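In: Below: sequence and its predicted model.
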Amino acid sequence: MNVETLTSSLSQRLGLSEAELIYKGLLAFIQNEIRLSELEIANIRDRYSVFSEEELYQAIKDGSVVEHPAWEDYIIWKNKLAHIADLRQLATG
């Protein structure tokens, strides 16, 4: 089944326009991406027992955590925060 057929069939079954179905699907995708990014940040928090990326940065500087892979995790954290902000902006228009 191709995308057009699937979209048409699903929109008819749900009683939504194709545009509304696509819009809601994209919002759900964005929300899922945000949740996955937040989960990855939560895993980093737990790994280093820190609350914020600034706290992780300070722990690296102080030497209370091993630099590698902490620096990479710090960069991932910062990138995930930017990714979440971008996704939220897309979702709100």
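Out: All right, it came through fine.
In: which helix in this protein runs the most residues?
Out: Of all the segments of type helix in the chain, defined by DSSP state H, the longest one is helix 18-48.
In: So for that helix, what gets flagged as buried?
Out: For helix 18-48, a neighbour-count test (16 or more other C-beta atoms under 10 Å) marks 21, 30, 33, 34, 37, 40, 41, 44, 45, 48 as buried. For the C-beta atoms, the positions are set from N, CA and C on the backbone; glycine is no exception.
In: and the residue of the chain positioned farthest from its centre, what pLDDT?
Out: Distance from the centre of the chain peaks at residue 12, with 30.7 Å (C-alpha atoms, centre = their mean). Here, the pLDDT recorded for residue 12 equals 95.
In: So which helix or strand of this structure has the lowest pLDDT on average?
Out: In the chain, no helix or strand scores lower on mean pLDDT, DSSP states H and E than helix 3-14, which sits at a mean of 93.
In: what's it packed up against?
Out: With contacts defined as 3 or more C-beta pairs under 8 Å, 6 or more residues apart in numbering; DSSP states H and E, helix 3-14 has these neighbours: helix 18-48.
In: Show residues contacting the helix or strand just after the helix it packs on.
Out: Next along the chain after helix 18-48, taking DSSP states H and E as the criterion, comes helix 53-62. With contact meaning C-beta atoms under 8 Å, 6 or more residues apart in numbering, helix 53-62 is reached by 44, 48, 50, 65, 67, 70, 71, 73, 74, 77, 78, 81.
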